[in-house]
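> compute the structure for the input listed below.
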Amino acid sequence: MRNLAYIVICICLLIGCKVRQTKENEKLIVCSTSITADCVRQVVGNRLTVKSLMGPGVDPHTYNPRPSDVVLLNDAKLVVYTGFHLEGKMAELFSRLSERKAVVSFQLDFPKDKVLYTDGTTPDPHVWFDTDSWVHSMNGVVDKLVDLYPDYELEFRENYYQFLLRVQKKTRELKLKLSEVPKERRVLITSHDAFHYFGRTFDIQVKALQGVSTSQEPGMRDVVDLVDFIVQNDVKAIFVENSVSPKALTSVLSSVERRGHHVRIGGTLFSDALGSKGSGADSYIGMLSHNVNSIKEGLK
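The predicted model follows:
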């Protein structure tokens, strides 16, 4: 109820805000997450200013917009978000904003036949781990950028094409690297269900304690089922996430030890947000590389 009231306040602020027409605002692109922001930067280079509402390590599932976010959104020339209900609490804000300014989501051009569903009807929002489909979904964002900044069309489209090639090349390299782990040991266990697209892309089985949203608290049955799976499949390592508290997964670790099976923390993965500057996971491609390298090392 408190969250709902907060969203209502933000919407009211948004409706009441006046757009500040400045030279800086004409080049301001505001993105929802650090992942979307980095991908947009690859396209626009230093021609435009790209800002992210959610910084490194911020969980988009539970993020509450601040009044300062509303001001930033209101000033932006273009607003970019992921979609697929990832930014659930901000969906209404984006909808209201689209009535009077340019707003676009990666969902627009994401191939519909590549979307995974959690229960047959609810889409899994962690779509950036399907690297081919994710860069394909950038087409709609690039088209919107070209509409708003036609003078930069050739540059933006060339930047996008080069980024696409880099992502495809890195994906091939990482697939080869992870394939060095024996198939029977390629099991990825994490805090929440964010890695099914990753599993499909890199051919690794995934299991998690929580559902696709971290707002869903794991129950005792979830813990018991995961402990059983770890023991029965002789899993040697589990992984924590940078944007999710490791507390619940630590309890799984303890329960497994009590069953006489040794399992360790294999490393920290980046799921819903990039890492801080200098972490090696502070870009989209860097995040992919960090995750694969950590998983390969952790599963040795």
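
> would you map the helices across this protein?
For the chain, applying DSSP state H gives helices covering 2-16, 34-44, 67-75, 91-97, 131-148, 153-178, 196-202, 220-232, 247-258, 284-298.

> just name the most buried of those.
Highest mean neighbour count among these (mean count of other Cβ atoms under 10 Å): helix 34-44, with a mean of 23. For the C-beta atoms, the positions are set from N, CA and C on the backbone; glycine is no exception.

> okay, the helices of the chain in CSV with distance to Asp109 next?
What follows is the helices of the chain, written out as CSV (distance: least, Cβ to Cβ, whole Å):
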stretch, distance to Asp109
helix 2-16, 26
helix 34-44, 13
helix 67-75, 22
helix 91-97, 17
helix 131-148, 4
helix 153-178, 12
helix 196-202, 16
helix 220-232, 35
helix 247-258, 35
helix 284-298, 17
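
> these: which one's closest to Phe270?
In terms of Cβ to Cβ, the element of the helices of the chain nearest to Phe270 is helix 284-298, at 4.7 Å.

> which other residues reach that closest one?
By Cβ atoms under 8 Å, 6 or more residues apart in numbering, the list of residues contacting helix 284-298 from outside reads 35, 38-39, 42, 128, 131, 166-167, 170-171, 174, 177-178, 180-181, 188, 198, 202, 204, 237, 239, 264, 266-270, 274-275, 279-281.

> okay, angle between it and helix 34-44 too, please.
Counting by axes from the mean of the first three to the mean of the last three Cα atoms, to 10 degrees, helix 284-298 lies at 130 degrees to helix 34-44.

> so how far is Gly298 from the residue lying farthest from the centre of the chain?
Largest separation from the mean C-alpha position in the chain: Gly260, at 35.4 Å (Cα atoms, centre = their mean). Distance, Gly260 to Gly298, using Cβ to Cβ, to the nearest Å: 21 Å.

> neighbours around Lys51, how many?
For Lys51, the neighbour count with other Cβ atoms under 10 Å is 13.

> return the distance of stretch 165-178 from the chain's centre.
Centroid displacement of stretch 165-178 relative to its chain, using Cα atoms, centre = their mean, to the nearest Å, is 19 Å.

> meant to ask about stretch 172-190, not that
21 Å.

> mind listing residues that contact that stretch?
195, 198-199, 201-209, 226, 229-230, 233, 235-241, 249, 269, 271, 288-289, 292-293, 295-296, 299-300.

> what do you get for stretch 234-243?
Against stretch 234-243 from outside (Cβ under 8 Å, 6+ apart): 56-59, 185, 187-192, 194, 214, 229-230, 246, 249, 252-253, 261-273, 275, 281, 294-295, 298-299.

> now do it, average pLDDT.
Mean pLDDT, computed over stretch 234-243, is 87.

> closest one to Val103 among the helices of the chain?
Nearest to Val103 among these is helix 91-97 (5.4 Å), distances taken as Cβ to Cβ.
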